[in-house]
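Asks: quick one: sequence plus predicted model below, questions after.
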Amino acid sequence: MKRNRVIAGAMALVCAFCLAACAAPPEAAPSGTPSANAQPSAGASASPQTPAASPEASQPAAGSMEAVREAIHGVLKADGVQGGIAESEYADGAFPGYAVQNLPEGMEEIPPSALQADGMESGLYIQALMNVRSDLIYVIRATDEEAAKTIEEQLKEVLAGQEETWKQYLPDQYEKVQNTILKREGTLVYYITYDNPEAVEQAILGAAK
């Protein structure tokens, strides 16, 4: 009888332990693997972002010869694309079908003429590569107004030579030369032989301010 009580007591103790184990809260999951919904702590720093390049960073300075070049490029590109030239040909500021030089540093690369480098601060030369087109553009910023007057006179001589050349060569191109715009605005002098010289003139004056 005494032995039965001992066994019964032992069984009761085992049952108590089992009930206690079932009631205990589960152990927390290890923190090695983050939850899919876990949010970064307030103090965590985001990965660094590279700031987008400012559109103004690639723009030429207002009034610079580079700005003038870009403005003329826009006119020639619009006309060229309308005439069937692929827009991609004008990528990166290219002038398909034209020889382009910065002045005065490129003076040795252009055909000899009455124009001299003396008195030039900066400038641009654009001429059709095909000898069946009389397109020719000069834009020159002189060092002062006296130098600008001298350059204007030199370009008048260039125009006279162009008229003589094309008069004997191609009548339609001679007519284009006769409509050349040659003007001086302060220290700026420009010479434009082109199908639509007024459009180029507006581009020059808008960019050169």
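Replies: Here it is on my side, so go on.
Asks: how about the strands of the chain, start to end?
Replies: In the chain, the segments counted as strands under DSSP state E are 98-103, 120-128, 136-142, 181-185, 188-193.
Asks: these: which one's closest to Val68?
Replies: Closest to Val68 of those, according to C-beta to C-beta: strand 136-142, at 5.4 Å. C-beta: built from backbone N, CA, C; applies to glycine.
Asks: on the strand side of things, show who Leu136 bridges to.
Replies: Gln127, Thr193 (DSSP bridges).
Asks: that one and Leu115 touch, don't they?
Replies: No. With contact defined as C-beta atoms under 8 Å, Leu136 does not reach Leu115; the gap is 11.2 Å.
Asks: adding distance to Val68, mean pLDDT and mean neighbour count, write the strands of the chain out as CSV.
Replies: Shown next, in CSV, are the strands of the chain (distance: least, C-beta to C-beta, whole Å; pLDDT from 0 to 100; neighbours: other C-beta atoms under 10 Å):
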stretch, distance to Val68, mean pLDDT, mean neighbour count
strand 98-103, 11, 98, 17
strand 120-128, 6, 98, 20
strand 136-142, 5, 99, 24
strand 181-185, 12, 98, 15
strand 188-193, 9, 99, 24
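Asks: as a markdown table, those with distance to Glu201 would be great.
Replies: Output for those, formatted as a markdown table (distance: least, C-beta to C-beta, whole Å):
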| stretch | distance to Glu201 |
| --- | --- |
| strand 98-103 | 17 |
| strand 120-128 | 14 |
| strand 136-142 | 10 |
| strand 181-185 | 5 |
| strand 188-193 | 6 |
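Asks: who wins for proximity to Ser64 among those?
Replies: Judging the strands of the chain by C-beta to C-beta, what sits closest to Ser64 is strand 120-128, at 7.8 Å.
Asks: show me what that closest one packs onto, helices and strands only.
Replies: helix 65-82, strand 98-103, strand 136-142 (3 or more C-beta pairs under 8 Å, 6 or more residues apart in numbering; DSSP states H and E).
Asks: to Ile110, which of those lies closest?
Replies: strand 98-103 (5.5 Å).
Asks: sheet partners, orientation included, of the closest one?
Replies: strand 120-128 (antiparallel).
Asks: centre of the chain to the partner strand, how far?
Replies: Its chain's C-alpha centre and that of strand 120-128 lie 21 Å apart, by C-alpha atoms, centre = their mean, to the nearest Å.
Asks: centroid residue for this protein?
Replies: The chain has Ser58 as the residue nearest its centroid, 5.3 Å off, counting by C-alpha atoms, centre = their mean.
Asks: residue contacts, that residue?
Replies: Residues in contact with Ser58 (C-beta atoms under 8 Å, 6 or more residues apart in numbering): none are found.
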